[in-house]
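Visitor: One predicted model, sequence on top.
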Amino acid sequence: MEPSIFQGFQVALEFGNFLVLFIGVTLGILIGALPGLTATMGVALLLPFTIGAQMSAAASMSMLIGIYIGAIFGGSIPAVLIRTPGTPASAATLMDGFPMCQAGNAGEALGLVTFGSFCGGMISCAIMIFLSPVISHFAERFSYAEYFALAVFGLSMIASISGGNVLKGMISGIFGLLLATVGFDPVSGVPRYTFGMPGLLDGVSFIPALIGLFAFSQVFMDISILTQGKFEQPALKNMIPRIGGMLKHWFLIVRTALMGTFVGSLPGAGCDIAAFIGLNEAKRSSRHPEKFGTGIPEGILGPEACKSGATGGAMIPMLTLGIPGDAVTAIMLGALTIQGLQPGPLLFKDHLDVVYPFFASMILANIVMIFVGFVSAKYIAKIVSIDKKILLPVICVLSVIGAYAMRQSLFDVAVAIVMGVVGFAMRKWDYPAAPIVLALILGPMAESNLRRALLLPDASVMMFFTRPITAVLLLFAIGTVIFGLRSSMKSGTAVSDAR
């Protein structure tokens, strides 16, 4: 019998799968609520444990989805309470969340955060379920040339995710592409750039590199500035927002959730950008834009619905095309690959028994998130006051364990530490790390498919411009670079307007 979404719920609701989903959401909220920890770091740290525990593909993805959804929501808790975004995606929420908290309405602010995140996530899940099979059916016509062009299109997003300095983003991307060439040649099998180190024969390990770039680099950054975070805990009352107040803003929630889903579906865009887009849209459509920044509900609902909408949107290119929508889905792409599954059109053709539980887990994660969010926010609020002299060693230990656990290799720990130093230096000199993640994922895909395409009978370089899908994707790549160059010059103005 053909698998369906209902069978997906049957799998996702199995005791073991639902338990790890619940644990994942709870851990994700906790990780997101700790300033300095991100959804990317949380997923990267927990992925080796899902592998070490020999979880099934459904259970592994349930936990990672739970961490992702929970962390994106949890980052707004310290943003509201102490004006410190737990994750970069929560930076837009503090603009009105913290003033509302200062006015004595911390509970209402957290309630709006929870409800806005839930609505945005559920809307994006519905869109993901309906659009993913359509895109996947179209992508079945892809061959080596199309996949190469698709990888180039994904790499062109480097221009869009480099912030205000495209040159530095390009340098980071080139560095990532160089790292992606380390190890065995994908066609000839000849070792490249290993410098006699056996640990590099399989390439630079993806998970240790991510842990280094995001977790260790943050630890090194915090140590360098020696910050501590103590705060007086605000009163948390009226956690459930008024129904009438919510219904008044339903169109804003739906509109920003749809925008977030679209933004999330663009490879490399992610929740961070979506949050500020949601804030800008809420301010643009408001009858009283001058009140933004004083603690109004629209200033919370807009960015929360938009950034949560991006979570479902980011899954669309990852599942259908094998291109991560953001750094977190890049790790999930790696997780599926480790499970022996290749994201893309063949996933929908051969492994619907995995796809539908994935969809069901996304929906269940948002339901669990709203429940755990209302219950646990007051307790998680206490954790954000932990002295960083205690917190940083804990993060270091978790990072070392996460880097070691995947292959039980001390060499991977060394890779994580080295990449942590690299990531720290990049942050000090304002070089973005996201292009490295894109390059590590898409570099091998571009190289192997390019070379395999050119090995086909009667192959030539001109086929990349004469095949319709390939030509369109390459044109999109050129347009993306041009758009990225233009928008990056305006990004500083856009963010300042949002604030």
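Guide: Cool, got the structure.
Visitor: I'd say residue 348 and residue 322 touch.
Guide: No - counting by C-beta atoms under 8 Å, residue 348 stays clear of residue 322, with 11.5 Å between them. All C-beta atoms are positioned from the backbone trio N, CA, C, and that covers glycine.
Visitor: These two - which one has more neighbours?
Guide: Comparing residue 348 with residue 322 by other C-beta atoms under 10 Å, the one with more neighbours is residue 322, at 25 against 21.
Visitor: Got phi/psi on that one?
Guide: phi 80, psi 20 (degrees, to the nearest 10).
Visitor: same check, this time on residue 191
Guide: phi -70, psi 140.
Visitor: Same question for residue 412.
Guide: Backbone torsions for residue 412, taken as degrees, to the nearest 10, come to phi -70, psi -30.
Visitor: Could you count how many residues lie near it?
Guide: Neighbours of residue 412 (other C-beta under 10 Å): 25.
Visitor: correct me, but it touches residue 401?
Guide: No - look at residue 412 against residue 401 with C-beta under 8 Å: they stay out of range, at 11.2 Å.
Visitor: Which neighbouring elements make contact with the helix or strand harbouring residue 111?
Guide: Here residue 111, judged by DSSP states H and E, is contained in helix 106-139. Under the contact definition 3 or more C-beta pairs under 8 Å, 6 or more residues apart in numbering; DSSP states H and E, helix 106-139 sits against helix 57-74, helix 76-82, helix 94-102, helix 250-265, helix 298-321, helix 345-350, helix 352-383.
Visitor: By mean pLDDT, show me the worst of those.
Guide: The minimum mean pLDDT among the helices and strands packed on helix 106-139 belongs to helix 345-350 (a mean of 71).
Visitor: now for it, which elements pack on it?
Guide: By 3+ C-beta pairs under 8 Å, 6+ apart, helix 345-350 packs against helix 106-139, helix 298-321, helix 352-383.
Visitor: Nearest residue to residue 315 in space, please, no chain neighbours.
Guide: Nearest in space to residue 315, with sequence neighbours left out and distances taken as C-beta to C-beta, 6 or more residues apart in numbering, is residue 128 at 5.5 Å.
Visitor: thought the one you found was touching residue 359?
Guide: Yes - using C-beta under 8 Å, residue 128 is in contact with residue 359, at 6.9 Å.
Visitor: Out of these two, name the residue with the larger neighbour count.
Guide: Neighbour totals were compared for residue 128 and residue 359, and residue 128 leads with 24 against 21 (other C-beta under 10 Å).
Visitor: quick one: contacts for that one?
Guide: 261, 312, 313, 315, 316, 359, 362 (C-beta atoms under 8 Å, 6 or more residues apart in numbering).
Visitor: my read: the last one touches residue 312, true?
Guide: Yes - taking C-beta under 8 Å as the definition, residue 362 is a contact partner of residue 312 at 6.3 Å.
Visitor: Can you check which residues contact both of the two?
Guide: Joint contacts of residue 362 and residue 312 (C-beta under 8 Å, 6+ apart) are 121, 125, 128.
Visitor: Next one, pLDDT for the first one please.
Guide: Think residue 121. 90.
Visitor: That one and residue 28: what is the separation?
Guide: Distance, residue 121 to residue 28, by C-beta to C-beta, to the nearest Å: 12 Å.
Visitor: Assign residue 460 to helix, strand or coil.
Guide: Here residue 460 is coil, with the state taken from DSSP: H, G, I helix; E, B strand; the rest coil.
Visitor: Skipping adjacent residues, who's closest to it in space?
Guide: Using C-beta to C-beta, 6+ apart, the nearest residue to residue 460 is residue 454, at 8.0 Å.
Visitor: For that neighbour, give me the pLDDT.
Guide: 86.
Visitor: neighbours of it, just the number please.
Guide: Count around residue 454 with other C-beta under 10 Å applied: 16.
Visitor: and residue 443, what does it touch?
Guide: Counted by C-beta under 8 Å, 6+ apart, residue 443 has contacts 151, 155, 176, 177, 179, 180, 181.
Visitor: more neighbours, residue 362 and residue 312?
Guide: A side-by-side neighbour count of residue 362 and residue 312, using other C-beta under 10 Å, places residue 312 first with 31 against 28.
Visitor: Distance from stretch 7-25 to the middle of the chain?
Guide: 21 Å (C-alpha atoms, centre = their mean, to the nearest Å).
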